[in-house]
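In: Sequence first, then the predicted structure, then my questions.
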Amino acid sequence: MTGGFSTPKKDKAVKVSHGEIVKTGQILIRGVDVYKAGVNVKGLGTLYALCQGKVCFSKKKTSHGKLRTFVNITPLKEKASK
């Protein structure tokens, strides 16, 4: 931070988009409070995947009438072993 000016961090953002395939433990969103953890997602400031699957976003109304965006992971179907 040259000259006493602070610069905003660039790593706070949505890391994946709707329909992408993610691995277990992959970071989905970092430092954005607008998105909340849904199914197969965990974390508060940093949301990460609990299983391998496809990312999907859904909007739901809370009991107070606020509209929230949730990040969900739909698990991939495992191949049948022979």
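Out: That came in fine, so what should we check first? Numbering: from 1, shown residues only.

In: For the chain, just list every one of the helices.
Out: In the chain, no segments count as helices under DSSP state H.

In: so where is it shaky, pLDDT-wise?
Out: The model of the chain has pLDDT under 70 over residues 1-5, 7-10, 79-82.

In: How about the residue most central in space within it, nearest residue that isn't a chain neighbour?
Out: Centroid check for the chain by Cα atoms, centre = their mean gives Leu28 as the closest residue, at 3.6 Å. Spatial nearest neighbour of Leu28, chain neighbours left out: Leu47 (4.7 Å); criterion: Cβ to Cβ, 6 or more residues apart in numbering. Placement of C-beta: from N, CA and C, glycine included.

In: For that neighbour, the count of nearby residues, please.
Out: Close neighbours of Leu47, defined as other Cβ atoms under 10 Å, add up to 23.

In: So it is in contact with Ala37, correct?
Out: Yes. Between Leu47 and Ala37 there is a contact under Cβ atoms under 8 Å: 5.4 Å.

In: Mutual contacts of those two, please.
Out: Contact with both Leu47 and Ala37 is made by residues Val71, according to Cβ atoms under 8 Å, 6 or more residues apart in numbering.

In: is Phe70 in a bridge, and if so with what?
Out: Counting by DSSP bridges, Phe70 is bridged to Lys36, Ser58.
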